[in-house]
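Participant: Below is the sequence, then the predicted model.
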Amino acid sequence: MFKKGTKLYSILTGTCPKCHEESMYTNKNPYNLSEALSMHEKCSNCGTKYKIEPSFFYGSMYVSYGVGIGFAVAAFIISHFVFEAGINIVFASIIGTLVVFMPLILRLSRNIWINLFMHYDKTLAKK
Ligand SMILES: [Zn+2]
């Protein structure tokens, strides 16, 4: 399930959606905030242009809404059902989770967004 050739691999590792050979981002660590969203223009392995049209990644904002909800629900379940915290603590933990995971959420949504439009191509991968 989690290997090269699956969309999940490209989404979770942030690799090129077509060949899965190299990272789309100039810095692999999303918590280097100044470079969190800085991406290569195209893949050095297969030459795929990531920004297929101007402002392409604005669309990932729609995805980040959904991804953010996912993180918020997870924070709610953990703080409410596991730690049985009060309503204020639950609220704070949801906000805290969204802030702490923001760089990760942004990248995940970009990865999901670009993978909606591009598909893995075996012939482009390194032999
Ligand atoms: Zn590539």
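Facilitator: Perfect, I can see it now.
Participant: The ion contacts on this structure?
Facilitator: 16, 18-19, 43, 45-46, 48 (C-beta under 5 Å from the ion). Every C-beta, even on glycine, is put in place using the N, C-alpha and C of the backbone.
Participant: what's near enough to touch S10?
Facilitator: 16-17, 20, 111, 115, 120 (C-beta atoms under 8 Å, 6 or more residues apart in numbering).
Participant: Identify the residue nearest it in space, chain neighbours excluded?
Facilitator: Nearest non-adjacent residue to S10, counting by C-beta to C-beta, 6 or more residues apart in numbering: P17, 5.0 Å away.
Participant: likewise H20?
Facilitator: Using C-beta to C-beta, 6+ apart, the closest residue to H20 is K4 (4.7 Å).
Participant: Assess the claim that that neighbour and A125 are in contact.
Facilitator: Yes. If you go by C-beta atoms under 8 Å, K4 and A125 touch, sitting 7.1 Å apart.
Participant: between those two, what contacts are shared?
Facilitator: In contact with both K4 and A125: H20, using C-beta under 8 Å, 6+ apart.
Participant: Give me the below-cutoff pLDDT ranges for this structure.
Facilitator: 1, 127 (pLDDT under 70).
Participant: Scan it for its longest helix.
Facilitator: helix 60-77 (DSSP state H).
Participant: Tell me which other helices or strands the helix or strand following it touches.
Facilitator: Using DSSP states H and E, the helix or strand that follows helix 60-77 towards the C-terminus is helix 87-100. Applying 3 or more C-beta pairs under 8 Å, 6 or more residues apart in numbering; DSSP states H and E, one finds that helix 87-100 contacts helix 60-77.
Participant: could you check the angle helix 87-100 makes with the helix it packs on?
Facilitator: 140 degrees (axes from the mean of the first three to the mean of the last three C-alpha atoms, to 10 degrees).
Participant: Only the buried residues of helix 60-77, if you could.
Facilitator: 60, 63-64, 67-68, 71-72, 75-76 (16 or more other C-beta atoms under 10 Å).
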